[in-house]
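Q: just coords:
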C-alpha cells in the first residue's frame, strides 16, 4: 500500500548553494535593458529499463517540464529538436545556462524518477530529487519539481500547480469553471444554469465562493472543491450579496451586502454570520481585497461621485483614498508580496490595467493594446497577472508580466471567459 503513495521524502542529493552561486540568481527585473530570458534545455527523459528506445512517455514528460518552466515568463526553453533531444549534448554549444535531466524506471505499479537541475556555467547540479509514485501522479511530480527548480534559481517557488477560476458562457449560461494554468484540465464548478459570477478561492484553495442569481437574487454561495455536488448558501439576504474577500487566515470574509439599502462592506464568518459592518452609507462600496498581512483592505467606492480605490485599516476602520487619476477605477487586487495593487482604469475610452503602490503615488500603466482589459488577479508569486480582455465582442483570458510585458492569451476555450481568479500557492 505504501508503494502506491507518493513518497516525497527526499532520498535526495541536494547540493547546497556555493557562495558563487548565491550571487548568481536570475535577474528578474524584466524592465531592465539588459534583461534576457534564461535559456534552459529539457531533453527527453530516459527510461532506465529501455535507455536506447525513446517512448512517447519520455517526450511527454520533458514537454510538460519545459512548458511549466516557460510559463513563468523569464525562462526560454531550447527546442529539444535543435540538439537531438539527447541528455549527453554539449550544453555550452547548445547555449543552455541550465538543464533539467530526468530518468526513471518502472518498479511494479510505481515509477521511480530522478530529476536534476544543473547549472551549465558552473558545471554542477544544484537540485536533485528522487520520487516514487503511481503512474497517474507523474504530472504532479514534474510540476512539483519545476516549482522547486524555479525557487532554486530565484528564491521564490514556482506556480506550476496553481489553478485559475473563471466565468464562461460556453454552456449557454454563465457558469464558473476551474482550470490548470495550461488549460489541460478543466472542471465545471457550478451547474445552476443561470448567471454565476465572482469566484474567490479560500486561502487554502479548498473552497470557492461566488455569487449566483439562480434564485432571483444575487446570493452568495460557498462550495467545497474536494467534491462536485454540494453547494452551500453563505448569504441570501435581500439585495446584493457580492464578491467576498477571504481574510488571509481563512476565518472570515468581507462581502458587499445591500440588505439595508446601500451596498456596504460587512465582515462575515465562513457560515455567513455578520461580525461587523465596515462602511455605512458612504456611497457604493464593492470589490474588497485584503493585504497579504490581513491588516488592510483595498476596495472601490463612489463616495466622491465616481468609482475610486480606497484603503481601509482593517482594525481601526480609518480609510484613505488611493487613486486620483482617472474617473473610473475598479477591481483592485493586492499582490501577494504586498508591493503593488493592480486595478482597472477607464483610460481614453477603454479599460486598461494600471498598478500603484499601496502607499500611493503615480500609477503605472500596464496595458495599452486595443479592447478592454478588466478584472485583474495576481499569480501566487506576484510575477504575473491574469485578466479578461475583450476584443471585437469576444472575451478571453490573458496573462501579462507584472511589468506589463509578454501579454499572451491564456486559453483557447470555446465561448467567452471573464473575471478570472488565480488560486493561492499549492503546498
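A: Yes, it's here. Keep in mind it's a predicted model, so treat the numbers as computed, not measured.

Q: what about the residue nearest to residue 101 when sequence neighbours are not counted, distance to residue 45?
A: With C-beta to C-beta, 6 or more residues apart in numbering as the criterion, residue 101 has its nearest non-adjacent residue at 4.7 Å, and that residue is residue 116. Bear in mind the C-beta positions are built from the backbone N, C-alpha and C, glycine included. Residue 116 sits 11 Å away from residue 45, going by C-beta to C-beta, to the nearest Å.

Q: first to last residue in stretch 82-92, what's the distance?
A: End-to-end distance for stretch 82-92, by C-alpha to C-alpha, to the nearest Å: 13 Å.

Q: can you give me the mean pLDDT across it?
A: Stretch 82-92 comes out with an average pLDDT of 96.

Q: got the domain boundaries for the chain?
A: 2-154, 163-422 (automatic domain parsing).

Q: Those domains: lowest mean pLDDT?
A: Mean pLDDT is lowest for domain 2-154 out of these, coming in at a mean of 82.

Q: just the helices in the stretch 101-250 of the chain please.
A: Counting by DSSP state H, counting those that start in this stretch, the stretch 101-250 of the chain has helices at residues 138-154.

Q: got the domains of the chain as CSV, with mean neighbour count columns?
A: Converted to CSV, the domains of the chain look like this (neighbours: other C-beta atoms under 10 Å):
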stretch, mean neighbour count
domain 2-154, 17
domain 163-422, 18
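
Q: that older thread, give the residues shared as contacts by residue 116 and residue 45.
A: Contact criterion C-beta atoms under 8 Å, 6 or more residues apart in numbering; residues shared by residue 116 and residue 45: residue 102.

Q: got a list of what the residue nearest to residue 101 touches?
A: 99, 100, 101, 102, 125, 127, 128, 129.

Q: Return the set of residues that bridge with it.
A: residue 101, residue 128 (DSSP bridges).

Q: Would you mind measuring from it to residue 43?
A: Distance from residue 116 to residue 43, by C-beta to C-beta: 12 Å.

Q: joint contacts of these two?
A: With C-beta under 8 Å, 6+ apart, residue 116 and residue 43 have common neighbours 99, 101.

Q: so residue 409 touches residue 396, yeah?
A: Yes - using C-beta atoms under 8 Å, residue 409 is in contact with residue 396, at 5.6 Å.

Q: how would you label the residue of the chain most remote from its centre: helix, strand or coil?
A: Distance to the chain centre peaks in the chain at residue 52, reaching 38.8 Å (criterion: C-alpha atoms, centre = their mean). Following DSSP: H, G, I helix; E, B strand; the rest coil, residue 52 is assigned to coil.

Q: sorry, back to before: turn the contacts of residue 116 into CSV, including distance to residue 145.
A: Below are the contacts of residue 116 laid out as CSV (distance: C-beta to C-beta, whole Å):
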residue, distance to residue 145
99, 13
100, 8
101, 11
102, 8
125, 13
127, 8
128, 10
129, 6
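
Q: before we move on, the earlier item: what about the residue farthest from the centre of the chain? Give its phi and psi, please.
A: The phi and psi values for residue 52, taken as degrees, to the nearest 10, are phi -90, psi -10.

Q: State the distance from it to residue 335.
A: According to C-beta to C-beta, residue 52 and residue 335 sit 49 Å apart.

Q: which ones are touching residue 381?
A: 72, 156, 157, 158, 159, 336, 425.

Q: Let's verify it: helix, strand, or coil?
A: Taking three-state DSSP, the label given to residue 381 is coil.

Q: any idea which element the residue nearest to residue 182 when sequence neighbours are not counted lies in?
A: With C-beta to C-beta, 6+ apart as the criterion, residue 182 has its nearest non-adjacent residue at 6.3 Å, and that residue is residue 67. Using DSSP states H and E, the element containing residue 67 is helix 56-71.

Q: what sits against residue 205?
A: So residue 205 contacts 163, 225, 423, 424, 426 (C-beta under 8 Å, 6+ apart).

Q: Turn those into TSV, including distance to residue 215.
A: TSV is the format used below for those (distance: C-beta to C-beta, whole Å):
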residue	distance to residue 215
163	27
225	22
423	27
424	29
426	33
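
Q: Tell me the one among those nearest to residue 303.
A: residue 424 (30.8 Å; C-beta to C-beta).

Q: can I assume the closest one is in contact with residue 204?
A: Yes - taking contacts as C-beta under 8 Å, residue 424 lies within contact range of residue 204: 7.3 Å.

Q: that older thread, so which elements touch the helix holding residue 67?
A: Counting by 3 or more C-beta pairs under 8 Å, 6 or more residues apart in numbering; DSSP states H and E, the packing neighbours recorded for helix 56-71 are strand 46-47, strand 75-78, strand 98-107, helix 138-154.
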